[in-house]
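Colleague: Coordinates for the following, if possible.
(one chain, ligands or ions: 1)
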Amino acid sequence: MSEAPGRLRARRRTAVLISGRGSNLRALIEGCAAPAASAGIALVISNQPQAPGLQHARAAGIACAVVDHRPGSRADFEQSLSSVLQAHEIDIVCLAGFMRVLSADFVLRWRDRLLNIHPSLLPAFPGLDTHRRALAAGVRWHGCTVHFVRAEVDAGPIIVQGVVPVRLDDTEERLAARVLEVEHRCYPLALELVASGRARVEDERVVIDGAAAADQVLINPLADDS
Ligand code: GRF
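Modeller: Alright, predicted model coming up:
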C-alpha cells in the first residue's frame, strides 16, 4: 500500500507482556526498528519486577510498567493491566514468555489483537516442557507457533510457524536453542502481518493477503537460501 507523500503512516501501538528473559521482546524491538515496520513497541509490561527482559525495553527507551500479579486477585491484576494498556493507547498486545493465564473476558476484549508465541508446532504439545515432550515423542520436526490468543490455553488461529529438525542426538537444551532462533524470526514477522492488516481471521483460520507474505508464514531454516 503506498503512503501519502510526506506523511508518516501511523504505526500500530504495540505492548509486549513478559515475565522473564525477554529474548522475543528483543527480537520484536529489532523488527519494529525497520523503517517500514507497521508496528511500534510503545510499552513493555512485566508481572515480575526483576524480569531481566525489562533491560531490553529500558535500553531501547521504551516505556516499562511492572504490574505485579501477587497482591490481589486475577481480576485486580487484569484491571491494572487494562488501565496501563489503555493509558498508553495500545492497539496490539504480544505475549512473549508471559507466564500468567489471562481470563476469557480479557482475551475476548483483545480478540484478534492479542498474540502469543509458543515453543511447539501447535496443536502439538500445548503447555509446558515442550522440548522434553517433543524428544520423548520422537517427532522428527519441532518448532514454534505464533497465534492469536483464545480462552483455551495455547490455542487459537495460527499466524506463523517455524520448523526445525529434531536430531537423533539432540538434548533438550540444544533443541530449545534451535527453536528459539526461529522464534526470533517468527514473532516479528507475525506482528508485521497483523499490524499491516495482511493477516486476518476468517472462520478461526488466519488468511494472509499477498502471495509474497503468504510464502513466509512457514519459516524453515533448511529451505533458506542464505
Ligand atoms: C519462549 O520460548 C516462548 O516461546 C515461550 O516462553 C519463552 C520466552 O522466552 N512462550 P523469552 O523470554 O522471549 O526469551
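Colleague: Please give me every residue in contact with residue 159.
Modeller: 115, 146-148, 190, 193-194, 199, 206, 217 (C-beta atoms under 8 Å, 6 or more residues apart in numbering). (Glycine included, C-beta is placed from N, CA and C.)
Colleague: Please list all residues in contact with the residue in the chain positioned nearest to the ligand.
Modeller: Across the chain, the shortest distance to the ligand (C-beta to the nearest ligand atom) belongs to residue 97, at 2.7 Å. Taking C-beta under 8 Å, 6+ apart, we find residue 97 in contact with 18-22, 24-25, 53, 117.
Colleague: Look at it and give its secondary structure.
Modeller: For residue 97, the assignment made with DSSP: H, G, I helix; E, B strand; the rest coil gives coil.
Colleague: In the protein, mark out all the helices, start to finish.
Modeller: Remark: helices assigned in the chain by DSSP state H are 23-32, 54-59, 74-87, 104-109, 130-137, 172-195, 211-215.
Colleague: Make JSON lines out of those helices and add mean neighbour count, mean pLDDT and distance to residue 165.
Modeller: Listed next are the helices of the chain as JSON lines, based on neighbours: other C-beta atoms under 10 Å; pLDDT from 0 to 100; distance: least, C-beta to C-beta, whole Å:
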{"stretch": "helix 23-32", "mean neighbour count": "22", "mean pLDDT": "98", "distance to residue 165": "21"}
{"stretch": "helix 54-59", "mean neighbour count": "18", "mean pLDDT": "98", "distance to residue 165": "29"}
{"stretch": "helix 74-87", "mean neighbour count": "15", "mean pLDDT": "97", "distance to residue 165": "38"}
{"stretch": "helix 104-109", "mean neighbour count": "14", "mean pLDDT": "98", "distance to residue 165": "33"}
{"stretch": "helix 130-137", "mean neighbour count": "18", "mean pLDDT": "98", "distance to residue 165": "11"}
{"stretch": "helix 172-195", "mean neighbour count": "21", "mean pLDDT": "98", "distance to residue 165": "8"}
{"stretch": "helix 211-215", "mean neighbour count": "11", "mean pLDDT": "77", "distance to residue 165": "20"}
